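Q: Pasting the sequence and the predicted model now:
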Amino acid sequence: MSKNMITSAVLLLCGIAVNPVSAQSTEELDRIQREVGIMEKILTAALKQDTDNKVRNVSASYLQHQGVVFSFDVRSHSRWSSVFASVPDAPLPPLPDIDFEEISEIEVLGEHVQVISDAVVVKTQEAYQHAMEVMRESAERVREVAEQERDVSREIRDLEREKRDLEFDRRHDKDAKEQELEQRKKELQASIKELEKQQQKLSLQQQAMRKELAEKKQARITEQKQQLAELTQRVDKSLSLTLCDYGSGLRTLPNDEHVSFIIRGISENKGEKIKVFKKSDIKKCVVGDIKADALLNRATQYEF
């Protein structure tokens, strides 16, 4: 091979190596932006309908050569649904004031304004007040028993102190009447014994009440986990069905890119759930080669 040919080959290879990946045209980006905006509205409507209006703050971005990224928040439970789960074992703090500011919130979806009806607000307030009243009554009973137990303990200490004083008088007061001191000592011992029984009874009663509160707390936690799992399934199903039904709207998105979702509010670890779908898989679901559940199974899913 001649020197000129070698030089030409090297230059050609260098030219290929340094040639940047061609950027998408402004026209293509405008089309993608329009399609993503439409898909954002479709996703918002579908998610709100499929999750009973628990999804909000849906937004979208496009990362060139990577794909579309949608993000949204899921309200997995109301502000007061964790009342039972948030009650500590001890000490028992005062319960928070009722705040219904979020309950009466007005949500806007596209051109439609959804207003929570007064009847629903009243019903929600009544349920909240009932839950708070149950916790107040339970906590108050524990406080009362604990206070009684403390009173008994103080009384026992006072009697023990008096008993020690009598024993001191017996040893040092030569003029004290031995028989009277002994009788009083017996009375004190009997009172102390009776109070100790009462104290033990109160202690057992308080333990039983705290156990009841702990069981309510655990039941609420279990219920919340179940509700969270069900809500997660509804979100997943809504996403996969929407992509299968309307994914063709992202026609300008290159086939080797992805449609990703960042979901906040349905992770037990308080992180974000990430779901990444291949555009090629979405196309297969659109034309019926795979079903929505298969599309969901093919997605990359993790928490971050």
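A: Sure, I can see it. Fair warning: this is a prediction, and the values are worked out from it, not measured in the lab.

Q: can you pull the buried residues of the helix or strand encompassing residue 41?
A: Per DSSP states H and E: residue 41 is located in helix 26-50. Residues of helix 26-50 classed as buried under the neighbour-count rule (16 or more other Cβ atoms under 10 Å) are 32, 35-36, 39-40, 42-48, 50. (C-beta placed from N, C-alpha, C; glycine too.)

Q: Please enumerate the strands of the stretch 151-300 of the chain.
A: In the stretch 151-300 of the chain, strands defined by DSSP state E, counting those that start in this stretch lie at 258-264, 272-278, 300-303, listed in chain order.

Q: Quick check: which of those is nearest to residue 145?
A: strand 258-264 (42.0 Å; Cβ to Cβ).

Q: Give me the contact list for that closest one.
A: The set of residues external to strand 258-264 that reach it, using Cβ atoms under 8 Å, 6 or more residues apart in numbering, is 66-74, 235, 239, 243, 247, 250, 253, 272-279, 282.

Q: Tabulate the strands of the stretch 151-300 of the chain (TSV), appending mean pLDDT, distance to residue 194 and mean neighbour count.
A: Below are the strands of the stretch 151-300 of the chain laid out as TSV (pLDDT from 0 to 100; distance: least, Cβ to Cβ, whole Å; neighbours: other Cβ atoms under 10 Å):
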stretch	mean pLDDT	distance to residue 194	mean neighbour count
strand 258-264	97	59	20
strand 272-278	97	60	19
strand 300-303	96	59	12
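
Q: Would you reformat the ones you listed as CSV and include distance to residue 167?
A: As requested, the strands of the stretch 151-300 of the chain are exported to CSV (distance: least, Cβ to Cβ, whole Å):
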stretch, distance to residue 167
strand 258-264, 69
strand 272-278, 70
strand 300-303, 68
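
Q: Stretch 44-61: how far from the chain's middle?
A: Counting by Cα atoms, centre = their mean, to the nearest Å, stretch 44-61 is centred 18 Å from the centre of its parent chain.

Q: Endpoints of it, how far apart?
A: 15 Å (Cα to Cα, to the nearest Å).

Q: can you list the weak-confidence ranges in the stretch 201-304 of the chain?
A: Counting by pLDDT under 70, the stretch 201-304 of the chain has no low-confidence residues at all.

Q: re the thing from before, contacts for the helix holding residue 41?
A: Contacts for helix 26-50 (Cβ under 8 Å, 6+ apart): 24, 54-55, 58-60, 62, 64, 68, 70, 72, 107, 109-110, 234-235, 237-239, 241-242, 246, 249-253.
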